[in-house]
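Novice: quick one: sequence plus predicted model below, questions after.
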Amino acid sequence: MKTIVLLLIFIIFLNPSEKSKLNNNWRKEIVGQYEGGWLYEVQIGDARNEGKNRIYVAGFDGWLIEWTYENNKWSYNYFQISEKGKDKRLICLWIGNGRNDGKNRIYASCVNGNLFEISFINGKWEKEIIFSKGFLVSVGGEILHGDTLHHIYTGGYQTALYELEYQNSKWNAKPVTKSNKRFHSRDIWAFAIGNGQNDGVKRIYCPEWGNNRIYEYSFESNKFKENKIEMKNKTVKTEIGNVMGDNRNHLFVAEKFGHIYELNYHHEKGWSKTDIQPEAKNLSRYGLCIGNGRNDGKDRLYSVAQRGSICEHNYENNKWSETTIDAISGATVDCTLGNGRNDDTIRVYVPSVDGHLYEFTYIGNK
């Protein structure tokens, strides 16, 4: 059960960070440093339901960290989520309307197999374990059944992908994937949900850690249908977005040895695959995110590598180019984009293993 995280820790610390080389078109600021050390996934949202975004980061010590920007400065709070056992580390976060009652909550997956729901009620945070199974490393939420209801999805190392629905004041869970020994050996890592085939249907795209494939799940005829997408190398992360100027979504897959593939679905021929990172330099890219990082109306792809390098991938004039934004001191496994300061400016946020949360603002057009 511990193999995947221990191996990831070993790889990250075995490979030191690259020397910092901030791109002149970007401004870097330290949002803050958490004394507990390693920060994992980062999300931005209005989890308190106050009409204000805050930044939330999962801590490997079992704590949830909340950063708030007010009066021209950052402040942070933290709340202990997982308390028991040495496998209390938080891995993944999702912020959304999981109960379909119009209120946002935080959903956090933990190495010990617990899925937490975290609610801000009457001025304080409250937590509840809503599901427990195996070794959970991923969580997300979306409307996939053709109705208006959100469902929560979670899975992990040697743990099938499960769907959770809140109904009649309780959570119900059922496996999305086949519950047999062959499938339970799959490692559902950092999945993405979106309209990958550009047919108006949202699907789940799960990379299988340690194997060369992506699993695609679509909800059809009251059940999930599985499709395999074979890849060249071991896969670790997926992301979906429209970044190529063709008004189409593309599926992006980060592989263990640093390659990033762009996948485009053709209804006649299936999936085409393009390596947009052919000079991978054996740097595992554990984090991908898509957004309008330059605030110019165009979405781009951003990635982070195990040695702390942060890159922007831009498609223009029918070709891909890569720009290194910075190489932070301390490896990282995640990134996100959002309006963290509530000033209508999109920025890139990157947590690191030394407890820092970094903010990158594009200033090249000023």
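Specialist: Perfect, I can see it now.
Novice: where in this protein is pLDDT low?
Specialist: 1-20, 84-87, 178-188, 210, 280-282, 329-330, 366 (pLDDT under 70).
Novice: mind listing the helices for it?
Specialist: Listed from the start of the chain, the chain has helices (DSSP state H) covering 3-14, 181-184.
Novice: so residue 348 sits against residue 332, correct?
Specialist: No - between residue 348 and residue 332 there is no contact, the gap being 11.5 Å when judged by CB atoms under 8 Å. Every C-beta, even on glycine, is put in place using the N, C-alpha and C of the backbone.
Novice: so what sits against both of those two?
Specialist: Common neighbours of residue 348 and residue 332, using CB atoms under 8 Å, 6 or more residues apart in numbering, are residue 310.
Novice: nearest spatial neighbour of residue 219, chain-adjacent residues omitted?
Specialist: Closest residue in space to residue 219, ignoring its immediate chain neighbours: residue 144 at 4.9 Å, by CB to CB, 6 or more residues apart in numbering.
Novice: sorry, slip of the keys, the one I care about is residue 159.
Specialist: residue 134 (3.2 Å).
Novice: my guess is residue 61 meets residue 89, correct?
Specialist: Yes - between residue 61 and residue 89 there is a contact at 7.1 Å, judged by CB under 8 Å.
Novice: who's more crowded, those two?
Specialist: residue 89 (22 against 19; other CB atoms under 10 Å).
Novice: how near is that one to residue 333?
Specialist: In this structure, residue 89 and residue 333 are 12 Å apart, going by CB to CB, to the nearest Å.
Novice: need the residues touching each of these two.
Specialist: Shared contacts of residue 89 and residue 333, defined by CB under 8 Å, 6+ apart, are found at residue 40.
Novice: angles on the backbone of residue 332, please.
Specialist: Note on residue 332: its backbone torsions stand at phi -140, psi 160 [degrees, to the nearest 10].
Novice: need the contact list for it.
Specialist: Counting by CB under 8 Å, 6+ apart, residue 332 touches 286, 287, 304, 305, 306, 308, 310, 350, 351, 352, 353.
Novice: ok, these vs residue 50, which is closest?
Specialist: Within the set of the contacts of residue 332, residue 351 lies nearest residue 50; the separation is 23.2 Å, counting by CB to CB.
Novice: first vs last residue of stretch 95-108, how far apart are they?
Specialist: Distance across stretch 95-108, first residue to last, is 9 Å (CA to CA, to the nearest Å).
Novice: list the buried residues for it?
Specialist: Residues of stretch 95-108 classed as buried under the neighbour-count rule (16 or more other CB atoms under 10 Å) are 95, 96, 98, 99, 100, 103, 104, 105, 106, 107, 108.
Novice: okay, and the beta partners of the second one?
Specialist: This means residue 96. residue 105 (DSSP bridges).
Novice: that one and residue 52: what is the separation?
Specialist: With distances defined as CB to CB, the gap from residue 96 to residue 52 amounts to 16 Å.
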